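> coords below, sequence missing:
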């Protein structure tokens, strides 16, 4: 890549931010990071990484390195140095001193500077570069949050029972893979997937029937609205009594939660085609089903995928909450409620991390499928 970095159009100039970053790195190297006087230079690897930041930042900001290689070097060295500093507990055997918080500011400003310069790339007519930047910016933002979380928790000596550090959560994730996998299978692969498929498909079929039989729209939709307003904490115990303690009762809760959003969006989508388009189909002598398949369903696809994306998060939430009211000794909701009582908060956060990752990947899969199916829609076009 040989593209020059263009300056961001935001009102905040990033030149002063670069000076603050360099000053914070220099002060962090000089000031003690622990109460016993230990400085960062006592740790050769991390100290050297932070020392490299100053010339790289200055060279990039003074246009001595105008191409993207200088910026990439700043980002790579900055994140490596920040990660070494944040996730090495040997630095924090004693209470932290002023240098620790100065280096925390240095980590934050350096990552901010990197993302600001990265967002200033000219990606016009460069689709590959644009996709790379659109991917790397949220990744950098997430990594920055983890680093700051680690530093603040360790520096402020926050009790683990209130908020464990990301390193503790990661260690629990690694050491509890069999338990987390069993919970994932019980909650996501059984209750969520089955309930999601049944709820969305039954709502889709019902929407077709409602569209075909007009009086059902006036009678069925208000009832569906009433059912969707039922509180999950009231429905879940009833489903457990009806279908037992296994995953079937959680799937039933998921069906209830996903049915109405899909029904409403599909009915609205089927009504999205205008009268001129319908008249055109009539001129081709198309009957109801031909018009439905060739015109109305394709026009409804953006609405249907909107419901699918909404339900992808509702399904996981519904299954986890339902497990609070009765489940065998496995499942994400069961594990969260049990470990909270045992004060094992790191295990609770590990379950939350698994649930968040599964929900995000599920949502991303549906969003990617939407791009393939609705490629013709203006929202999916580039430029």
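Thanks, I have the structure now. Everything quoted here is computed from the prediction, not taken from an experiment. Residues are numbered from 1 along each chain as shown.
> how about the helices in the stretch 51-200 of the chain?
For the stretch 51-200 of the chain, the helices defined by DSSP state H, counting those that start in this stretch occupy 68-86, 98-118, 127-155, 166-175, 177-184, 193-212.
> adding mean neighbour count, distance to residue 226 and mean pLDDT, write these out as TSV.
In short, each C-beta sits where N, CA and C put it, glycine included. Output for those, formatted as TSV (neighbours: other CB atoms under 10 Å; distance: least, CB to CB, whole Å; pLDDT from 0 to 100):
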stretch	mean neighbour count	distance to residue 226	mean pLDDT
helix 68-86	21	50	84
helix 98-118	22	47	88
helix 127-155	15	39	85
helix 166-175	17	41	90
helix 177-184	16	33	91
helix 193-212	19	15	90
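> so which of the ones you listed gets nearest residue 42?
helix 98-118 (11.3 Å; CB to CB).
> from the contact counts, what lies against the closest one?
helix 14-30, helix 44-61, helix 68-86, helix 127-155 (3 or more CB pairs under 8 Å, 6 or more residues apart in numbering; DSSP states H and E).
> cutoff 6 Å now
In terms of contacts (3 or more CB pairs under 6 Å, 6 or more residues apart in numbering; DSSP states H and E), helix 98-118 is packed against helix 14-30, helix 68-86, helix 127-155.
> need the helices of the stretch 51-200 of the chain in TSV with distance to residue 227, can you?
Below are the helices of the stretch 51-200 of the chain laid out as TSV (distance: least, CB to CB, whole Å):
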stretch	distance to residue 227
helix 68-86	48
helix 98-118	45
helix 127-155	36
helix 166-175	37
helix 177-184	29
helix 193-212	11
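> low-confidence ranges in the protein?
For the chain, the stretches with pLDDT under 70 are 1-14, 63-68, 89-94, 122-125, 279, 285, 377-383.
> any idea how far residue 347 is from residue 51?
39 Å (CB to CB, to the nearest Å).
> now the helix or strand containing residue 312 and helix 193-212, what's the angle there?
In the assignment (DSSP states H and E), residue 312 maps to helix 297-322. With axes from the mean of the first three to the mean of the last three CA atoms, to 10 degrees defining the directions, helix 297-322 sits at 140 degrees from helix 193-212.
> helix 297-322 vs helix 177-184, what angle?
120 degrees.
> buried residues in helix 297-322?
297-312, 314-322 (16 or more other CB atoms under 10 Å).
> and it, what other elements does it pack with?
helix 247-270, helix 345-373.
> show me what the longest one is packed against.
When you say that, I think you mean helix 345-373. helix 166-175, helix 297-322, helix 332-341.
> ok, which of those comes nearest residue 17?
Of those, nearest to residue 17 by CB to CB is helix 166-175, at 25.3 Å.
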